[in-house]
Every structure is written in C-alpha cells, then in structure tokens.
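Colleague: Only the shape, not the letters, is given here:
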DNA sequence: TAAATAGTGTCTCTAAGACATTATGTG
DNA sequence: CACATAATGTCTTAGAGACACTATTTA
C-alpha cells in the first residue's frame, strides 16, 4: 500500500508465489478422516500432502481453493472456511511461497475421489493414523486445522456439514465425540441438542439390533441459529506464521 | 504445490503482490482507538488507510507486519495476531494484491507516532468516529478486526495488552465495556476477575475524588492462564475473501 | 425373557446476573 | 456531614454434569 504514482511499476518487486491449501475433513466409518494426495514430483516427491495449488491472477482465494480441490481430488460443493496464512521463508524449496490455508468439510457419501496428473494417489486418512511425514510444513497446517475444527465445533453448527441429510441424534453425538476426542453424556447431549432447536424430526426410522432410532435433519434456516454446545477453557488458538 | 520437476520455473506464472496490513488498536482517553495513515500517493491519495506494505522475499509475514508498522508509524513492541487474508481481485487498482491482515494491540503511553515518507499524516481515530471512507477495502478489514477483537476479548486476556502496567480493576472493567460496547455489572466483574486469578495486587494506590483505588498488575506467568470472561451467543465470525 | 440399543427424568452444584450494602477518601 | 468513588455481599435462577430409569426392538 505504499508506492509512488508516477514511479509505480508492478514488475519492480520480486514477488512471492501464492497458493491455497485445503484441509478436507470427512466422517467415514464413524471416524474423522482427512484427504491427502501423494506428490508425483519434486519437491517432496512421494510424500503425502494437503491438496492445493497456485492462485490464478483473476481468481478470488476461496474460488481458487474450490478449483484446486476439484481438480486435484474431484471433491466439490463443500463447506469452506479460511484457516490461516502460512508464509515462512523456506517452507517451499522452489521459491518463496505464501499459502492461504482453508478448512473444508464434506459428507463422505457425496464424494468420488479422482487422482489428478499432479499426484499419484489420493486417499482419506483417519486423523489418528496419518502418514509419518507430510510434504512441506503440512503437518503444522493439519495440526492447526484439527485444533480449529475442535474449538469451532463447540460454538457453531459446523459438525452438521459432515453428516448425511438424515441421521440419528446418537450419530450426531458420535460425530462430536470423534472430533472432540472424548465421550459425552447421552442424556445431556439429547437435552442440549433439543433445547438448541436446530433439528427437525422426520418420520423416518432406522432399524438395528435394538430399538429402532428416529432420524432427524437440520432445520432449513439454521444459518441464523447458533448451537453452542459447550464452553471450554482451552479455546485458544496458537499463533503461527 | 503442483509443478513438474524438470519444467518448474518460478518466473513462469504471473504472481500477485503480497502485502501485510495491520489494524492497530489502543486505549486512549478511555476510548478504543485505531491507527490510520493518510495516503500521499495514488491510488486513494488523501484517503485514510490501515498501515501496511509489501512483504519482502526473505521475511516472515509477522516480521513484515512489525517492520511496516514501525516504518510507517513508529509503533513497535506490540502484540500481533494474524486476522485474515483478503485477496479479492480488484481490491487494489494497481495489480492483484493479496493482503494478510494483522491485529495489533498497544499501550498508548508507550508509543510515539511518526509520519513516513509514504503518507502525509498518522492519527489515532476513535472507533466510533472513523473517517467516512477508507482506502481500498480497508473498511471491511477494520470491521472484521473490531468484531474479532470483541469476540476474543471474552475468552482471552487480550485486553491486558491495551492497559499500562498498573491499573485499577474498574479501569479494566471500563476497557471491557469500551470494546464490548455495553455496561457491565461492577460486582460481578470484581468477582470474575478475582476468581480468574490473573491479577496481582500491588501496594500502589491512586487518589481521586472519592475513595482511592488499589492498583493491580497482570501476573507474570499469565500466558498459560485462561481468563474466560463470559460466554456469548454471537460468537460467529463472518467469512470473507 | 434376555440382550441390545434408544430415549427420558431427576438431583446436585456451580456460576452468572441483579442489586443492595459497606468502605474510605475529600471538601 | 454530604458527596464521591471503591469494594464486597447476598439472593435467585439457569444450566451443566452425573447418573438412574424407562422404552422398544430382535433373538
């Protein structure tokens, strides 16, 4: 924001590259998973990485995130939210790369994976069984994303993005337990979710071994509603750069 | 993160410029203020803007924020926190500019303002009396920063960064009131801040018209402490890009 | 009727909010 | 003493957590 009118020349300065990286979460087999791609080229060839790529000159950041996501993995129509911008010099051996990281949440059943020509493999990893080492500083980004997901879960309806249209209340509880990494009380969960008034009862039931369970869905105009699950003391986001 | 090893050429792609912009808050005259600079050149000549500038190739983002802050305003030794990255095409008429925005909190008494050669004026503005129009999309950034400041106030010890070393509990309460924009109950505030155990009593008193007031300071190792002031329903951050 | 899973009810305790009261200085 | 401001105390209520209980299916 600081240049002279007459002497301004866009090419005067050497510029960093700008990428978007997207940490994509889903719930699969009742466990939280994250999508990674296996790099086919230098640098970090053969390493798993968070999908992402360069931002085009005429493209908004979020738009770039959606495009890269679809190009590299086939995933589309996702909930997206900006996470943090990572820009330490040296995080990419090619050149100075500043990466705007996003979090995406998707319903597993809605997705078909696709391998792009940039990578040799695409896979969902359970967050508890990640590859030993990721490309670039992607471990840091991923850690940051998980921590943000946890904390936002408690004061937003974010978890709803991970579930199919119809689900039982105990499935929803299980989702919370997966992300928070701890058990929740059944009765209290029922009470809270009902009080929050964000769910709509359907006539559908699902049968299993015991008593059949009622299926619910999220109320259509839930955007203005706040579901505050719980207060927690550790609502701190670490800083990074 | 997606290029061929043999054909990779850093200069192949046209690149956006990357800047850092810093929204600096202080408490002055018992009111929340924000620091703006008056632009001396095209574009938006004569408009007030959030201080900021281009990121150097070998410099971390936060480091760039500190440098620009000191160069443009003389402000240093501040609490800094990344806010959001704004990157819509067209937000800067010169070229594609992606701006990583930061929030800074400073103690007013610790600062001497300085005007750089890029701008014609530097001034603290009360957040309730901002200039009618700001340069670029800086109104949006500023709004975002204020909203983030409000929400973080309630679950962090952020407000402490705005106060001098010694202060009374009612001054602290006043700071909260300024930022939250509402009155708080005196008794309840005393109770909460004492329970939180983040303050250290000093022997100093300050005299005024009525009963003198005791001065306190923040406990040295407060970094690991969490002061949770209150829960609020509207803890939602709007999205942007 | 036993096992399995779904769903409800209730007791206790903490903490927030409202508001009343006491304390300690000055002119 | 009157006034001004600082600081503490108390009552009520909402909500979180713990946990016991009831409901409805299949084998």
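Modeller: Structure received. On a predicted model such as this, the values are computed, not experimentally measured, just so you know. Residues are numbered from 1 along each chain as shown, chains lettered A, B, ... in the order given.
Colleague: Run the contact check for stretch A:65-82 versus chain B.
Modeller: Yes. Using CB under 8 Å from any CB of the partner chain, stretch A:65-82 reaches chain B at A:68, A:72, A:81-82. All C-beta atoms are positioned from the backbone trio N, CA, C, and that covers glycine.
Colleague: For chain A, just list every one of the strands.
Modeller: For chain A, the strands defined by DSSP state E cover A:17-28, A:31-39, A:48-49, A:52-54, A:79-86, A:97-106, A:119-126, A:199-206, A:213-218.
Colleague: As CSV, these with distance to DNA strand C, mean pLDDT and mean neighbour count would be great.
Modeller: Formatted as CSV, the strands of chain A follow (distance: least, CB to the nearest atom of the strand, whole Å; pLDDT from 0 to 100; neighbours: other CB atoms under 10 Å in any protein chain shown):
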stretch, distance to DNA strand C, mean pLDDT, mean neighbour count
strand A:17-28, 16, 94, 24
strand A:31-39, 17, 93, 21
strand A:48-49, 34, 96, 22
strand A:52-54, 38, 94, 23
strand A:79-86, 25, 96, 22
strand A:97-106, 23, 96, 25
strand A:119-126, 22, 88, 16
strand A:199-206, 7, 95, 12
strand A:213-218, 4, 95, 17
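Colleague: Tabulate the ones you listed in TSV, adding columns for distance to residue A:180.
Modeller: Listed next are the strands of chain A as TSV, based on distance: least, CB to CB, whole Å:
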stretch	distance to residue A:180
strand A:17-28	13
strand A:31-39	10
strand A:48-49	25
strand A:52-54	27
strand A:79-86	18
strand A:97-106	15
strand A:119-126	16
strand A:199-206	19
strand A:213-218	19
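Colleague: The ones you listed: which one's closest to DNA strand D?
Modeller: Closest to DNA strand D of those is strand A:199-206 (CB to the nearest atom of the strand; 7.3 Å).
Colleague: for that closest one, packing partners?
Modeller: Identification of packing neighbours for strand A:199-206 by 3 or more CB pairs under 8 Å, 6 or more residues apart in numbering or on different chains; DSSP states H and E yields strand A:213-218.
Colleague: How about residues contacting the strand it packs on?
Modeller: Among residues not part of strand A:213-218, those counted as contacts by CB atoms under 8 Å, 6 or more residues apart in numbering or on different chains are A:157, A:160, A:165-170, A:172, A:198-202, A:204-206.
Colleague: Stretch A:179-188: which residues count as buried?
Modeller: For stretch A:179-188, burial by neighbour count (16 or more other CB atoms under 10 Å in any protein chain shown) applies to A:179-180.
Colleague: neighbours around residue A:170, how many?
Modeller: 12 (other CB atoms under 10 Å in any protein chain shown).
Colleague: Report whether the expected contact of it with residue A:186 is present.
Modeller: Yes. Residue A:170 lies in contact with residue A:186 (CB atoms under 8 Å); the separation is 7.3 Å.
Colleague: what's the angle between the longest helix that chain A contains and strand A:97-106?
Modeller: Determined from DSSP state H, the single longest helix within chain A is helix A:138-153. If you take axes from the mean of the first three to the mean of the last three CA atoms, to 10 degrees, helix A:138-153 sits at 40 degrees to strand A:97-106.
Colleague: Who does residue A:34 form a beta bridge with?
Modeller: Here residue A:34 sits in beta bridges with residue A:25, residue A:125, going by DSSP bridges.
Colleague: List the contacts of it.
Modeller: By CB under 8 Å, 6+ apart, the residues touching residue A:34 are A:23-26, A:124-125, A:127, A:130, A:142, A:145.
Colleague: Just the closest of those to chain B, please.
Modeller: Of all the contacts of residue A:34, chain B sits closest to residue A:23, with 12.9 Å by CB to the nearest CB.
Colleague: Dump the contacts of residue A:34 into TSV; add distance to residue B:49 as well.
Modeller: Below are those laid out as TSV (distance: CB to CB, whole Å):
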residue	distance to residue B:49
A:23	33
A:24	36
A:25	37
A:26	42
A:124	45
A:125	44
A:127	42
A:130	43
A:142	35
A:145	32
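Colleague: Please determine how far residue A:24 is located from residue B:70.
Modeller: 39 Å (CB to CB, to the nearest Å).
Colleague: now swap in residue A:43 and tell me
Modeller: 34 Å.
Colleague: ditto for residue A:208
Modeller: From residue A:208 across to residue B:70, the span is 64 Å (CB to CB).
Colleague: These two: who's more crowded?
Modeller: residue B:70 (16 against 9).
Colleague: That one reaches residue B:76, doesn't it?
Modeller: Yes. Here residue B:70 reaches residue B:76: they are 4.8 Å apart, a contact under CB under 8 Å.
Colleague: who touches the worst-scoring helix or strand of chain A on mean pLDDT?
Modeller: One helix or strand of chain A scores below all others by mean pLDDT, DSSP states H and E: strand A:119-126, with a mean of 88. Residues outside strand A:119-126 that contact it (CB under 8 Å, 6+ apart) are A:26, A:28, A:31-40, A:46, A:48-49, A:51, A:72-74, A:108, A:113-116, A:131, B:2.
Colleague: quick one, domains of chain A?
Modeller: Domain assignment for chain A by automatic domain parsing gives A:17-136, A:158-224.
Colleague: Can I get those in a markdown table including distance to DNA strand D?
Modeller: Output for these, formatted as a markdown table (distance: least, CB to the nearest atom of the strand, whole Å):
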| stretch | distance to DNA strand D |
| --- | --- |
| domain A:17-136 | 21 |
| domain A:158-224 | 3 |
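Colleague: pLDDT weak spots in chain A?
Modeller: Scanning chain A for pLDDT under 70 picks out A:1-13, A:110-113, A:115-117, A:221-241.
Colleague: burial of residue A:147, as a residue count?
Modeller: By other CB under 10 Å, 14 other residues sit near residue A:147.
Colleague: do the one 3 residues further on as well
Modeller: As a burial measure, residue A:150 scores 15 neighbours (other CB under 10 Å).
Colleague: The one 3 residues further on too?
Modeller: Around residue A:153 there are 20 other residues, counting by other CB under 10 Å.
Colleague: Once you drop chain neighbours, what's closest to residue A:49?
Modeller: Leaving out its chain neighbours, the residue that sits closest to residue A:49 by CB to CB, 6 or more residues apart in numbering or on different chains is residue A:135, at 3.8 Å.
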